[in-house]
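S.K.: dropping the sequence and predicted coords here.
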Amino acid sequence: MTALVVAMDGPSGSGKSSASRGVARAMGLRYLDTGAMYRAITWWMLQRGVDLTDPAAIAAQVDEPSLVSGTDPDDPTVHVDGVDVAGPIRSQEVTGAVSLVAAVPEVRARLVAMQREIIGKGDIVVEGRDIGTVVAPDATLKVYLTASAEARALRRTAELNVEAGGPGGTTVEAQQAAMARRDTLDSTRKTDPLSMADGAVEVDTTALNLEEVIAEVLRLIGERSSQEESELDRAHIHERA
Ligand SMILES: Nc1ncnc2c1ncn2[C@@H]1O[C@H](COP(=O)(O)OP(=O)(O)O)[C@@H](O)[C@H]1O
Ligand SMILES: Nc1ccn([C@H]2C[C@H](O)[C@@H](COP(=O)(O)OP(=O)(O)O)O2)c(=O)n1
């Protein structure tokens, strides 16, 4: 069988990270969070005081930091210049700035090349916005996760409250507005907008719990793998005839 690559795309809060990690764990696959890579570069640019409203300033610095992404679904890591930035990349400051950095073509070129190199070894679940469309259009399975704007905001608010150990200073309404702003920025940039890839299967997670989402993706992988096997069988029969 050819190397398995599962592409998981979708907007913020649709459940990509949780579902991708669950699927990777269940199947013993590697896991790559490409959003964490965009966040890590953004963290570094903020540390350096780069003017994020100036795409040329971002482009001029993009090759400076070293970036290393781990692929263990039980311990996804990201290091910038040797510093573990798993915590800081989730800060509101980074979340508020990441769309500006991710819109710069030079940033995307560097990160897409790194992502393709990691994916090249196969047997991996990769999550992001443009995995099925740009990074790995030949993936074995392409999933596009969605959920209603309200469900996504509710999930994110609950997550922030847990992190803060109580009401985390945000409301579902504020969260929904912030996510809508970021989705708009992510989907209106000129390069690689947030869109569904050809051949992707849409999974609406609004009414599904995490276990149900993981089970559905595992079912789709099984379906795709048996389709591939029967196509191979047909090709062999054709060759022999
Ligand atoms: N199907 C689901 N039902 C309820 N909550 C979910 C579901 N999938 C994910 N979550 C929760 O929603 C939040 C956002 O999920 P996450 O996987 O980080 O989404 P994304 O990577 O798409 O931004 C997390 O707190 C996660 O535990
Ligand atoms: N393949 C990707 C992944 C993320 N991005 C951008 C878009 C997002 O606003 C940021 C952060 O992505 P991340 O997946 O961490 O965001 P969420 O956890 O879904 O809120 O990076 C991208 O442009 N392309």
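M.R.: Arrived safely. Residues are numbered from 1 along each chain as shown. Ligands and ions are numbered 1, 2, ... in the order given.
S.K.: the bottom helix or strand of this protein by mean pLDDT?
M.R.: Ranking every helix and strand in the chain by mean pLDDT, DSSP states H and E puts helix 172-188 at the bottom, with a mean of 83.
S.K.: residues contacting that helix, please?
M.R.: Helix 172-188 is contacted from outside by 11-13, 95, 98-100, 102-103, 129, 149-150, 152-154, 156-157, 160, 193-195, using C-beta atoms under 8 Å, 6 or more residues apart in numbering. To be clear about C-beta, it is placed using only N, CA and C from the backbone, and glycine gets the same treatment.
S.K.: that helix near ligand 2 at all?
M.R.: Yes - judged by C-beta under 6 Å from any ligand atom, helix 172-188 comes into contact with ligand 2 at Arg182, Asp186.
S.K.: can we start the residue count at 526 from this point?
M.R.: From this message on, residue numbering opens at 526, which makes the last subject helix 697-713.
S.K.: which elements pack onto the helix or strand that that helix is followed by?
M.R.: Helices and strands here follow DSSP states H and E; after helix 697-713, the next one along the chain is strand 726-729. Applying 3 or more C-beta pairs under 8 Å, 6 or more residues apart in numbering; DSSP states H and E, we find strand 726-729 packed against strand 666-671, helix 735-765.
S.K.: which one of those lies closest to ligand 2?
M.R.: Taking C-beta to the nearest ligand atom as the criterion, ligand 2 comes closest to strand 666-671 out of the helices and strands packed on strand 726-729, the separation being 10.0 Å.
S.K.: listing partners with orientation, what would you give for the closest one?
M.R.: The pairing partners recorded for strand 666-671 under DSSP bridges are strand 530-534 (parallel), strand 726-729 (parallel).
S.K.: quick one on the thing from earlier: just the buried ones from the contacts of helix 697-713?
M.R.: The neighbour-count criterion (16 or more other C-beta atoms under 10 Å) marks 536-538, 620, 623-625, 627-628, 654, 674, 677-679, 681-682, 685, 719 among these as buried.
S.K.: contacting residues around the closest residue to Arg680 other than its chain neighbours?
M.R.: If the residues on either side of it in the chain are set aside, Arg680 comes closest to Gly538, at 5.1 Å by C-beta to C-beta, 6 or more residues apart in numbering. The contact partners of Gly538, by C-beta under 8 Å, 6+ apart, come to Ala672, Ala676, Arg677, Ala678, Arg680, Arg681, Met704.
S.K.: what residue ranges in this protein score low on pLDDT?
M.R.: 526-527, 693, 713-719, 766 (pLDDT under 70).
S.K.: contact residues of it facing ligand 1?
M.R.: Counting by C-beta under 6 Å from any ligand atom, the chain sits next to ligand 1 at 535, 537-543, 680-681, 684, 730, 733-735, 738.
S.K.: just those residues that are near ligand 2?
M.R.: Restricting the residues of the chain next to ligand 1 to contacts with ligand 2 (C-beta under 6 Å from any ligand atom) yields Ser537.
S.K.: just want the most central residue of the protein.
M.R.: Gly653 (2.1 Å; C-alpha atoms, centre = their mean).
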